[in-house]
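[1] Okay, here's the prediction I keep looking at, along with the sequence it came from:
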Amino acid sequence: MLGGAFALIAGHARASAELTADDMVIGAASAPVTMIEYASITCPTCAAFHAALWEPLREIYVDTGRVRIAFREFPTPPEAVALAGFQIARARNATPDQYIARVGELFRQQEAIFAEANMQGVLRRLVAIGEGFGLTAAEVNAAINDRSGAERIRRIVDGAAVFDIHSTPSFVINGARYEGPLSGRDLAAALDAAGSQATP
C-alpha cells in the first residue's frame, strides 16, 4: 500500500454519493470503492491532474476492478466554454470511455482554446476538436446549443453542495470528500484505505 497523508471528510448525506444518469462512469459496478471526480474542462489543475495521473489510476485501480470512477461536470470560468466542452464530449451519445477520451483531448488542447482571442475563435477551435472526434460541425454546434446540457450542469452543481464542493478537481471517495494533496501517492493511499474498509 502506498503511504502518504490524506483525509476524508464525511458527506452530509450518504445518498448524495449515489450515481445518477448524469454521471459518466467507468469501472465495474462491483468495485468496492467509488470515486467521484468533480472537474472542469477549463480548469488547468484538472488538465494537469489528468495528464499526470489519470492513466496510472485507471490501470492500477479501475482496470483491476478495485475502483470505479464517476466523472461529474463542475464548470469553472469561463463557464460557457466549459459547458461547450462537456457537451461536445457527450455528443452522439458518447459511451463513458469515449467521453473520457474526449475530455482528455479537450484538456490537452486547453491552452490552445484559451489562446483564442475571442469566442468566435474558441468556437472554431471547439468545432475543429469535435471534428477530430469524428463529429460534423453541425453536430458540434447542435451539442453546444442543446439546452439540456445547462440543466444537467445545474443538477450536478446543486448536488455538489452536500459535499461543500467549490473548486476543481475535487474528489469524493465512498461518500466522503477527499481533502488530501493532489498527488498520486496520497490519492492512492486514500483509495487503498477505502478499499480496506470496504472489505468484509
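    That came in fine, so what should we check first?

[2] Contact partners for residue 53?
    Residues near residue 53 by CB atoms under 8 Å, 6 or more residues apart in numbering: 184, 187. C-beta here means a position set from N, CA and C on the backbone, and glycine is covered the same way.

[3] Give me the secondary structure label for the most centrally placed residue in the chain.
    When CA atoms, centre = their mean is applied to the chain, the residue found nearest the centroid is residue 71 (3.6 Å). Assigned with DSSP: H, G, I helix; E, B strand; the rest coil, residue 71 falls in the strand class.

[4] quick one: it and residue 104 touch, right?
    No - applying CB atoms under 8 Å, one finds residue 71 not in contact with residue 104, separated by 10.9 Å.

[5] roughly how far apart are the residue nearest to the centre of the chain and residue 123?
    From residue 71 over to residue 123 the distance is 24 Å, taken as CB to CB, to the nearest Å.

[6] Okay, helices next: where are they in the chain?
    44-49, 55-57, 79-90, 96-108, 110-114, 119-132, 137-144, 148-160, 184-198 (DSSP state H).

[7] Could you identify which of those is most buried?
    helix 79-90 (a mean of 23; mean count of other CB atoms under 10 Å).

[8] Pull the number of nearby residues for residue 162.
    As a burial measure, residue 162 scores 16 neighbours (other CB atoms under 10 Å).

[9] Nearest to residue 67, out of the helices of the chain?
    helix 184-198 (5.8 Å; CB to CB).

[10] Quick check: the residue nearest to the centre of the chain vs residue 197, distance?
    23 Å.

[11] By average pLDDT, which secondary structure element in this structure comes out worst?
    strand 8-10 (a mean of 39; mean pLDDT, DSSP states H and E).

[12] Roughly how far does residue 158 sit from residue 105?
    28 Å.

[13] What sits closest to residue 149 if chain neighbours are left out?
    In space, and not counting its chain neighbours, residue 149 is closest to residue 87: 4.6 Å by CB to CB, 6 or more residues apart in numbering.

[14] low-confidence ranges in this protein?
    Low-confidence segments of the chain (pLDDT under 70): 1-16, 199-200.
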